[in-house]
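**Q** Compute the structure for the input listed below.
(3 chains)
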Amino acid sequence: MNYLAKIREQKPLIHNITNIVVANFSANGLLALGASPAMANAPEEAAEMASHADALVLNIGTCTEDQVKAMLIAGMAANEKGIPVILDPVAIGATKFRTDAVMQILTELDITVIRGNIGEIAFLGETDARMKGADALMDKVEPEIAVYAAKKYNSIVTATGKTDIITDGSNYTLCNNGSSMLPNITGTGCLLTAVVGAFCSVTEDYYEASIQAVSSYGVAAQLASEKSNGPGSFLSIFMDELYRLTEAAVQQSAKLHEYNCKGVGSNDR
Amino acid sequence: MNYLAKIREQKPLIHNITNIVVANFSANGLLALGASPAMANAPEEAAEMASHADALVLNIGTCTEDQVKAMLIAGMAANEKGIPVILDPVAIGATKFRTDAVMQILTELDITVIRGNIGEIAFLGETDARMKGADALMDKVEPEIAVYAAKKYNSIVTATGKTDIITDGSNYTLCNNGSSMLPNITGTGCLLTAVVGAFCSVTEDYYEASIQAVSSYGVAAQLASEKSNGPGSFLSIFMDELYRLTEAAVQQSAKLHEYNCKGVGSNDR
Amino acid sequence: MNYLAKIREQKPLIHNITNIVVANFSANGLLALGASPAMANAPEEAAEMASHADALVLNIGTCTEDQVKAMLIAGMAANEKGIPVILDPVAIGATKFRTDAVMQILTELDITVIRGNIGEIAFLGETDARMKGADALMDKVEPEIAVYAAKKYNSIVTATGKTDIITDGSNYTLCNNGSSMLPNITGTGCLLTAVVGAFCSVTEDYYEASIQAVSSYGVAAQLASEKSNGPGSFLSIFMDELYRLTEAAVQQSAKLHEYNCKGVGSNDR
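**A** Residues are numbered from 1 along each chain as shown, chains lettered A, B, ... in the order given. Okay, the predicted model is just below:
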């Protein structure tokens, strides 16, 4: 099933409670993809806005007490309505305030997908892996960290790095698309989280939606990096590529490999 | 009278109380046009900042209680000074919080121009038209909706859509410039609102200023869309085109037609 | 000593408490340069975030009471740790709220570098020069204003305008790089402040670091303006040029001249 086409046809409303650094970039990225962004942070309107939405994206990048409150209110409305809720635990572990905010969200809400970099996912999983430090992890592929977190929080986990890992706790998929230019631009992880929200809004197969989101995003990034001279031109061309992305291009370039968590099988996709 | 030249000559200070999504884009768009943006949201400085300004732009896109407070304080200072106040009722009707904020602003302040999409203007007008839903309206030209709102709030109303409508309640002008790329970029409506503020700051003929703002903006968008490959490159080139826009280019490409609200006459411009 | 190479090697973490207009642009500019931005405004996490950082950048562009509180908390943690603290007094003098915020920061914290335009620095210095008005100052080179402020606040002062002035109160350096396109883009001064933070984070010679920051930034801007058609394309290309900037290019194009404040000598660099 081609979820990209469904996004463009249905133009799902994605309610984002996100940080001041990436609000513009996330909205533009969602529009380029074909979705409709709604950016609204006030607790007073959080429930009502979420109730109109097809997915809710929570990003703690520059969160305040009021914003966490809005996230909890919106999240409850989203859970009640049954729409997917995607969480981006930006820089969790960097401060107690961030860690507490994420833990409160994970305790009080049903989170459909957690999307973070592998360091953030390791922190969340509280595995021994976190002791290695986030930077040490970034270039390694350690699916067990993501699988552990997925089981612990009963969520799909999407851990990005040089190789991206998507898991529902039973199976995991590795994705080798993307571009080395992505980490040179702020919010490329945050936008992916929003894009995962858009893909999840048009299906109930959230694992498959997350895989398609990650590979589509990665293919668009590859196409953009071939044409760019640095992060400024990349950013501009990446928006064009998200807008022009075709299912055929994704099919042709996606590098996905799926594994069974018990190690009893694997297959190319 | 050529207001674009006056903006570039006078570099009017436009005080914006606006949302976190478009603050950067609005400031850059105003600078590209030739105006001087001042972005300041704190209630503590709202009156003083507005008192330095040549126009005040209020945008409720991500408003909070504090920001609405700042808007009312700044608005009163602006009304006292006699500078134009432009209101953008972003997504009014989506939540009670937004609707209440706009209504309080319209009740307590004299608003010079209301700039919204046709769905927002229909909601404001509380005409039967709103029952059709915003999306249904977007491709239609229903000047009576804008005229009704203009009379109700005693403001110039600028309702944008496939065709833009500018009215003072006695006459209305239809503008057929713009680009289909504009809705693919967040804040292109919000920036137009700020641009209307810049045009209104150099004259007291706010109806004429609004017409020139809409047509100039639309011509710049047309020029940009001819050179772009998608929303990313469009955004970049659109800033260049606003910066390079000449009165001659606007004159040559503007598609304006003016009507008398009583239906007793119309003329091309 | 080549600080640009050190930034790229060490990827220093620059904690920014900054305004909603430039948060994205500042983060992207720091990434393009090779540094690691952390944007975090909440008082609850200010001390902890600053304690991880290699430099702290305080920018009052859209400050609120809570943000000033966060700046003071983060600043104290930064002073305790001994990392450089850079202050950008955006539009000081425009409102009492801004002036008070800056004065409180300067009273309670040790500020390593103050980076502002020459009008802001004149206001800070409370010299007679401020009476001339900021605009009147912008095209003039009045090093005594900057030197006076540097002595008064016991900080390095970097005053930007057509010619940039960097002074430690004993010597001053004039820099004639940059581009006339910079004032057409919002936040180009704010980003320079963050870039000064990045250069200061890899040395304890803050005067030299500020000189290298200003000249490197100016050379990147020159290179970008040669290739751009307006502020939109400039912005995109400027990010590319910051990313691709080499020490050789800076050496070749930097226009620096150093003077002794007592007028007893000067030399090209």
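**Q** which parts of the stretch 1-150 of chain A sit against chain C?
**A** A:19-22, A:24-25, A:61-65, A:91, A:94-98 (Cβ under 8 Å from any Cβ of the partner chain). C-beta coordinates here come from the backbone N, C-alpha and C atoms, glycine included.
**Q** right, is the longest helix along chain A up against chain B?
**A** The residue-count maximum for a helix in chain A (DSSP state H) belongs to helix A:206-227. No: using Cβ under 8 Å from any Cβ, helix A:206-227 stays clear of chain B, coming no nearer than 8.6 Å.
**Q** That helix packs against which elements?
**A** helix A:3-10, strand A:113-117, strand A:156-160, strand A:164-167, strand A:171-175, helix A:188-200, helix A:231-244, helix A:247-253 (3 or more Cβ pairs under 8 Å, 6 or more residues apart in numbering or on different chains; DSSP states H and E).
**Q** Could you dump those into JSON lines and include mean pLDDT, mean neighbour count and distance to chain B?
**A** Formatted as JSON lines, the helices and strands packed on helix A:206-227 follow (pLDDT from 0 to 100; neighbours: other Cβ atoms under 10 Å in any protein chain shown; distance: least, Cβ to the nearest Cβ, whole Å):
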{"stretch": "helix A:3-10", "mean pLDDT": "98", "mean neighbour count": "17", "distance to chain B": "12"}
{"stretch": "strand A:113-117", "mean pLDDT": "97", "mean neighbour count": "27", "distance to chain B": "21"}
{"stretch": "strand A:156-160", "mean pLDDT": "97", "mean neighbour count": "28", "distance to chain B": "21"}
{"stretch": "strand A:164-167", "mean pLDDT": "98", "mean neighbour count": "28", "distance to chain B": "23"}
{"stretch": "strand A:171-175", "mean pLDDT": "97", "mean neighbour count": "21", "distance to chain B": "23"}
{"stretch": "helix A:188-200", "mean pLDDT": "98", "mean neighbour count": "28", "distance to chain B": "12"}
{"stretch": "helix A:231-244", "mean pLDDT": "98", "mean neighbour count": "25", "distance to chain B": "3"}
{"stretch": "helix A:247-253", "mean pLDDT": "97", "mean neighbour count": "13", "distance to chain B": "14"}
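**Q** Tell me which of the ones you listed lies nearest to residue B:251.
**A** Nearest to residue B:251, of all the helices and strands packed on helix A:206-227, is helix A:231-244, at 30.4 Å by Cβ to Cβ.
**Q** between the closest one and helix A:206-227, how many degrees?
**A** 130 degrees (axes from the mean of the first three to the mean of the last three Cα atoms, to 10 degrees).
**Q** Report the angle between helix A:231-244 and helix A:188-200.
**A** Going by the same axes, to 10 degrees, helix A:231-244 makes 0 degrees with helix A:188-200.
**Q** Pull the contacting residues for the residue of the stretch 51-200 of chain A found nearest chain B.
**A** Closest residue of the stretch 51-200 of chain A to chain B, Cβ to the nearest Cβ: residue A:52 (6.5 Å). Going by Cβ atoms under 8 Å, 6 or more residues apart in numbering or on different chains, residue A:52 touches A:13, A:15, A:38, B:94.
**Q** my guess is the first one contacts residue A:56, does it?
**A** No: counting by Cβ atoms under 8 Å, residue A:56 is not a contact partner of residue A:13; they are 10.0 Å apart.
**Q** out of the two, which sits in the more crowded spot?
**A** Taking other Cβ atoms under 10 Å in any protein chain shown, residue A:13 and residue A:56 do not tie; residue A:56 has more neighbours (31 against 21).
**Q** Identify the bridge partners of the more buried one.
**A** residue A:15, residue A:85 (DSSP bridges).
**Q** which bits of the stretch 1-150 of chain A sit near chain B?
**A** Counting by Cβ under 8 Å from any Cβ, the stretch 1-150 of chain A sits next to chain B at A:20, A:23-24, A:27-28, A:31-32, A:37-42, A:44-45, A:48-49, A:52, A:66.
**Q** Buried members of those into ChimeraX, please.
**A** Buried residues within those, by 16 or more other Cβ atoms under 10 Å in any protein chain shown, are selected in ChimeraX with:
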select /A:20,23,24,27,28,31,32,37,38,39,40,41,42,44,45,48,49,66
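**Q** Would you mind measuring from the closest residue to residue A:176 other than its chain neighbours to chain C?
**A** Of all residues not flanking residue A:176 in the chain, residue A:255 sits nearest, at 4.0 Å (Cβ to Cβ, 6 or more residues apart in numbering or on different chains). Per Cβ to the nearest Cβ, to the nearest Å, residue A:255 is found 26 Å from chain C.
**Q** dump the residue contacts of residue A:255.
**A** Residues counted as contacts of residue A:255 (Cβ under 8 Å, 6+ apart) are A:175, A:176, A:177, A:215.
**Q** Check chain A and tell me which residue is nearest its centre.
**A** residue A:193 (2.4 Å; Cα atoms, centre = their mean).
**Q** how much space between the residue nearest to residue A:176 and residue A:217?
**A** 13 Å (Cβ to Cβ, to the nearest Å).
**Q** Overlap in contacts, the two.
**A** Contacts common to residue A:255 and residue A:217, judged by Cβ under 8 Å, 6+ apart, are residue A:177.
**Q** re earlier: looking at the helices and strands packed on helix A:206-227, which is closest to residue B:242?
**A** Here helix A:231-244 is closest among these (Cβ to Cβ), at 16.4 Å.
**Q** Quick check: which element contains residue A:179?
**A** Using DSSP states H and E, residue A:179 sits in no helix or strand.
**Q** now swap in residue A:145 and tell me
**A** helix A:143-153.
**Q** where's residue A:22 relative to residue A:57, distance?
**A** Distance from residue A:22 to residue A:57, by Cβ to Cβ: 11 Å.
**Q** Oops, could you answer that again for residue A:153 instead?
**A** 17 Å.
**Q** By pLDDT, give me the weakest of the contacts of residue A:52.
**A** By pLDDT, residue B:94 ranks lowest within those, coming in at 95.
**Q** That one: what's it in contact with?
**A** With Cβ under 8 Å, 6+ apart, residue B:94 has these contacts: A:38, A:45, A:48, A:49, A:52.
**Q** now these as CSV including secondary structure?
**A** Output for these, formatted as CSV (DSSP: H, G, I helix; E, B strand; the rest coil):
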residue, secondary structure
A:38, strand
A:45, helix
A:48, helix
A:49, helix
A:52, helix
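**Q** can you count the residues close to residue A:99?
**A** 18.
**Q** Hmm, it is touching residue A:91, no?
**A** No: judged on Cβ under 8 Å, residue A:99 makes no contact with residue A:91 at a distance of 9.6 Å.
**Q** for the stretch 1-150 of chain A, which spans come out with low pLDDT?
**A** A:127-141 (pLDDT under 70).
**Q** can you give me the strands for it?
**A** Assigned by DSSP state E, counting those that start in this stretch, the strands in the stretch 1-150 of chain A fall at A:13-17, A:36-39, A:55-59, A:85-88, A:113-117.
**Q** want to throw the ones you listed into TSV with distance to residue A:161?
**A** Converted to TSV, the strands of the stretch 1-150 of chain A look like this (distance: least, Cβ to Cβ, whole Å):
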stretch	distance to residue A:161
strand A:13-17	23
strand A:36-39	26
strand A:55-59	19
strand A:85-88	15
strand A:113-117	6
